[in-house]
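> make a model of this:
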Amino acid sequence: MKRSESVAYAREVVRHEAAALNGLVERIDEEHFGQAVELILGCTGRVVVSGMGKAWLIGQKISATLASTGTPSHALHAAEALHGDLGRVVKGDVALLISNSGKTREVVELLVPLNKLGVPTVALTGDAGSPLANAADLLLHIGDLDEACPLALAPSTTTTAMLALGDALALTVMKLRGFSSEDYAFYHPGGSLGRKLMKVEEVMRKGERHAVIEADAPLREALLRITRARAGAISVVDADGRLCGIFTDGDLRRRLVKGASIDDQKVGDFMTRNPRTIEVGRLASAAAHLLNELKVDELPVVDADGRPVGIVDIQDILGTVG
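All right, here's what the predicted structure looks like:
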């Protein structure tokens, strides 16, 4: 086969699968799809997704999408379920059973024990008259599709349709739950979005690592507290406990270079007054932007009353956001 012929065939495969997806749009209806959405929204347990072969692989992805978008779910291999793993299913769960033919023995045989457990079943299949479709509580029908495979055998068009319908189901439920970008970040703390949506309180230094001192305290005491906190700065507060300044080791070095003495000096005489701050609840990325804009290494974090609750150090935020 010439290169031009292989490219032409590859494009035909994609067109074939795209046409199947376009046809699938009309199969998403209130009676079947709408009921499946309501069933999953009302599920008090987990959505258990099961199948065999390529359908099993698609099921794992659907289950993962559900779990990462606010719907507790796990994938259960149909054959393993029949040999003990059925114990992972409990009353309150909902089962999504996937089989293009609707006749896969292991999948069909799951219907009896699931029924005894009182677990509602949703069949995702290409044959509306199959044993699986007839015995399940609800049917999601992808249609009688021809595979894009040149032998019309290898699961291709059917698995694409299964995946698309599974995505539609999971994302519709996600939307109806009001699942937010912050919720998504919670379930993806190691991903780039999760890092971008981290709040300052998740990266700031607090407790013993956040040094605080009164403005009229001796400068030597400030140095001791900075050392104990292993920090590069200390938050300075007024008599009401509100932030009024910040004192950094850089401030100290600059004073000493000029020949200033630290004996009998107050922190308030050396601090940077009214520093820029960031409030609790703001994004860590906003703190990183401020640090870069101000060309500083520390940024005090304050509450709604202006009291310091922590400090963001550039060393802690590098690599966390961006």
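> where exactly do the helices run in the stretch 1-150 of the chain?
3-25, 35-41, 53-68, 78-81, 105-109, 111-117, 131-135 (DSSP state H, counting those that start in this stretch).
> so for the third one, mean pLDDT?
Just to be clear, that refers to helix 53-68. Mean per-residue pLDDT for helix 53-68: 97.
> send the alpha carbons of it over as CSV?
The C-alpha coordinates for helix 53-68 follow below in CSV (Å, rounded to 0.1, in the frame of the first residue of the first chain):
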residue,chain,number,x,y,z
GLY,A,53,-12.2,-7.6,26.6
LYS,A,54,-12.1,-4.2,24.9
ALA,A,55,-15.4,-3.3,26.6
TRP,A,56,-13.7,-3.8,29.9
LEU,A,57,-10.9,-1.4,28.9
ILE,A,58,-13.5,1.2,27.9
GLY,A,59,-15.3,0.6,31.2
GLN,A,60,-12.1,1.3,33.2
LYS,A,61,-11.9,4.7,31.5
ILE,A,62,-15.5,5.5,32.1
SER,A,63,-15.2,4.5,35.8
ALA,A,64,-12.1,6.7,36.1
THR,A,65,-13.9,9.7,34.5
LEU,A,66,-16.8,9.2,36.9
ALA,A,67,-14.5,9.0,39.9
SER,A,68,-12.5,12.1,39.0
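> enumerate the positions of that helix that are buried.
For helix 53-68, the neighbour count (16 or more other CB atoms under 10 Å) marks 53-63, 65-68 as buried. (Glycine included, C-beta is placed from N, CA and C.)
> same question, the fourth one
Using 16+ other CB under 10 Å as the test for burial, helix 78-81 gives 78-79, 81.
> and that helix, what does it pack against?
Packed against helix 78-81, as judged by 3 or more CB pairs under 8 Å, 6 or more residues apart in numbering; DSSP states H and E, are the following elements: strand 47-51, helix 105-109.
> what residues does that helix touch?
50-52, 56, 88-89, 97, 104, 106-107, 109-110 (CB atoms under 8 Å, 6 or more residues apart in numbering).
> and with 6 Å instead?
50, 52, 106-107, 110 (CB atoms under 6 Å, 6 or more residues apart in numbering).
> farthest pair in those residues?
52 and 110 (10.3 Å; CB to CB).
> and the nearest residue to residue 149 once chain neighbours are set aside, its phi and psi?
Closest residue to residue 149 apart from its sequence neighbours, by CB to CB, 6 or more residues apart in numbering: residue 156 at 5.2 Å. Backbone torsions of residue 156, given as degrees, to the nearest 10, read phi -150, psi -70.
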